[in-house]
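**Student:** Provided below are the primary sequence and the corresponding predicted coordinates.
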Amino acid sequence: MTNEWRGKWALVTGASAGIGQALARELASGGANLILTARRLERLEEFAAELRAKFSVLTEVFDADLTQADAPAKIFAFTQKRGLAVQLLVNNAGFGQFGEVPSVEPQRLLDMVQVNCGAVVNLTRLYLPEMIARRSGDVLILASTASFQAVPYISVYAATKAFDLLFAEGLAEDVIALLARVPGFFLISRASSFAFQNPETPVSIVAQQLGVRYVLDGSVRGAGDRVRVSTQLAEAATGRILWSGKFEATRDETLELQDDIARGIMIELEPALTQAQVNPGNERRPQHRVPPSPSAPLWAASSAPG
């Protein structure tokens, strides 16, 4: 695991055993400070002491039973009281139960839904606004290979993990749109629909299906700690390239890079778009043009209302 969270606080649920413990250990090895939560306080304290001794990181522990609906709020209140800015939320806690649904105790099934789904939504909702406000943070939601199909004898577990997968995918699109807001524009990811993941899909088809006037298309490539983005804005009706650019930044600067792209679009296009609304026949030759990228598009539709 990279050192991306070195010196920052990561909150890991279900941290007393299994995958949660393994993730916490990996994070600590990269220098992250850990907030560990699970039901068994004694195990948490022992594990926290091990991490402090081995990796010289800071740790906090908080025992919470996520089958209880108020547990996420208690965890959040604990971190708020301690003044801990959670930079990474790891929604790991979860459990399953083997057996035919009629043979499993009803409360066990309801508890499973609460831990695997309810607590995930609650914790994410509690911590995400702070991350967005400071434009920095990450949320990890653990799903499962059981997410992709119904699985007999663990039917409820598979359903909860399908929920986690879809929630995570939808949440990513929510945050992209939220962070990309520019007056008069909004952003929709092409990846939000399987129909548009093919880079050969014409801009006009994407725009028609999403109900937008402009499409921001592009690609992203990683090279070590660097991210390279190529992007271009096309007019939906004609496919004409209005603006394009190439950008590079570190992975930690991804959100700032998104801001730079949005500002660049607005600076370049505001006069042209205003004039185009007055005189649609007046075209402006783009200053830059990026050839179509062979890789999958990074973004899809940006639109001005009207």
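**Tutor:** Okay, I see it.

**Student:** what bits of the stretch 1-150 of the chain have low per-residue confidence?
**Tutor:** The model of the stretch 1-150 of the chain has pLDDT under 70 over residues 1-2.

**Student:** could you pull out the helices in it for me?
**Tutor:** 18-29, 41-55, 71-82, 106-113, 119-134 (DSSP state H, counting those that start in this stretch).

**Student:** distance between the longest one and the chain's centre?
**Tutor:** Between the mean C-alpha point of helix 119-134 and the mean C-alpha point of its chain there is a distance of 11 Å (Cα atoms, centre = their mean, to the nearest Å).

**Student:** let's see it as CSV, backbone CA atoms only.
**Tutor:** In CSV, the C-alpha atoms belonging to helix 119-134 read as follows (Å, rounded to 0.1, in the frame of the first residue of the first chain):
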residue,chain,number,x,y,z
ALA,A,119,-24.0,1.2,9.0
VAL,A,120,-22.1,1.6,5.7
VAL,A,121,-24.6,4.3,4.5
ASN,A,122,-24.7,6.0,7.9
LEU,A,123,-20.9,6.2,8.4
THR,A,124,-20.4,7.4,4.8
ARG,A,125,-23.0,10.0,5.1
LEU,A,126,-21.5,11.3,8.3
TYR,A,127,-17.9,11.6,7.1
LEU,A,128,-18.3,12.5,3.5
PRO,A,129,-19.4,16.1,3.9
GLU,A,130,-16.2,16.9,5.8
MET,A,131,-14.1,15.3,3.0
ILE,A,132,-15.9,17.3,0.3
ALA,A,133,-15.6,20.5,2.3
ARG,A,134,-11.8,20.1,2.5
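
**Student:** from the contact counts, what lies against that helix?
**Tutor:** With contacts taken as 3 or more Cβ pairs under 8 Å, 6 or more residues apart in numbering; DSSP states H and E, helix 119-134 sits against strand 9-13, helix 71-82, strand 86-91, strand 138-141, helix 155-179. No exception for glycine: its C-beta is placed from N, CA and C like everyone else's.

**Student:** give me that answer again for 7 Å
**Tutor:** Counting contacts by 3 or more Cβ pairs under 7 Å, 6 or more residues apart in numbering; DSSP states H and E, helix 119-134 is packed against helix 71-82, strand 86-91, strand 138-141, helix 155-179.

**Student:** now the angle between strand 9-13 and that helix, please.
**Tutor:** Relative orientation of helix 119-134 versus strand 9-13 (axes from the mean of the first three to the mean of the last three Cα atoms, to 10 degrees): 170 degrees.

**Student:** just the shortest one next, same as before
**Tutor:** Helix 106-113 and strand 9-13 are oriented at 160 degrees to each other (the same axes, to 10 degrees).

**Student:** tell me who's in contact with residue 35.
**Tutor:** 9, 11, 60, 62, 79, 84, 86 (Cβ atoms under 7 Å, 6 or more residues apart in numbering).

**Student:** looking at the helices and strands packed on helix 119-134, spot the one closest to residue 241.
**Tutor:** Residue 241 lies closest, by Cβ to Cβ, to one member of the helices and strands packed on helix 119-134: helix 155-179, at 22.2 Å.

**Student:** now restrict the contacts of residue 35 to buried residues only.
**Tutor:** 9, 11, 60, 62, 79, 86 (16 or more other Cβ atoms under 10 Å).

**Student:** kindly reformat those residues as CSV containing distance to residue 150.
**Tutor:** CSV is the format used below for these (distance: Cβ to Cβ, whole Å):
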residue, distance to residue 150
9, 38
11, 32
60, 39
62, 35
79, 37
86, 34
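
**Student:** if we can go back for a sec, pick the most deeply packed of the helices of the stretch 1-150 of the chain.
**Tutor:** helix 18-29 (a mean of 19; mean count of other Cβ atoms under 10 Å).

**Student:** send the alpha carbons of it over as PDB?
**Tutor:** Extracted C-alpha coordinates of helix 18-29, given in PDB (Å, rounded to 0.1, in the frame of the first residue of the first chain):
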ATOM      1  CA  GLY A  18      -9.700 -10.700   9.500                       C
ATOM      2  CA  ILE A  19      -9.700  -8.300   6.500                       C
ATOM      3  CA  GLY A  20     -10.200  -5.200   8.800                       C
ATOM      4  CA  GLN A  21      -7.100  -6.100  10.800                       C
ATOM      5  CA  ALA A  22      -5.100  -6.800   7.600                       C
ATOM      6  CA  LEU A  23      -6.100  -3.400   6.100                       C
ATOM      7  CA  ALA A  24      -5.300  -1.600   9.300                       C
ATOM      8  CA  ARG A  25      -1.800  -3.200   9.400                       C
ATOM      9  CA  GLU A  26      -1.100  -2.200   5.800                       C
ATOM     10  CA  LEU A  27      -2.200   1.400   6.400                       C
ATOM     11  CA  ALA A  28       0.000   1.600   9.500                       C
ATOM     12  CA  SER A  29       3.000   0.200   7.600                       C
END
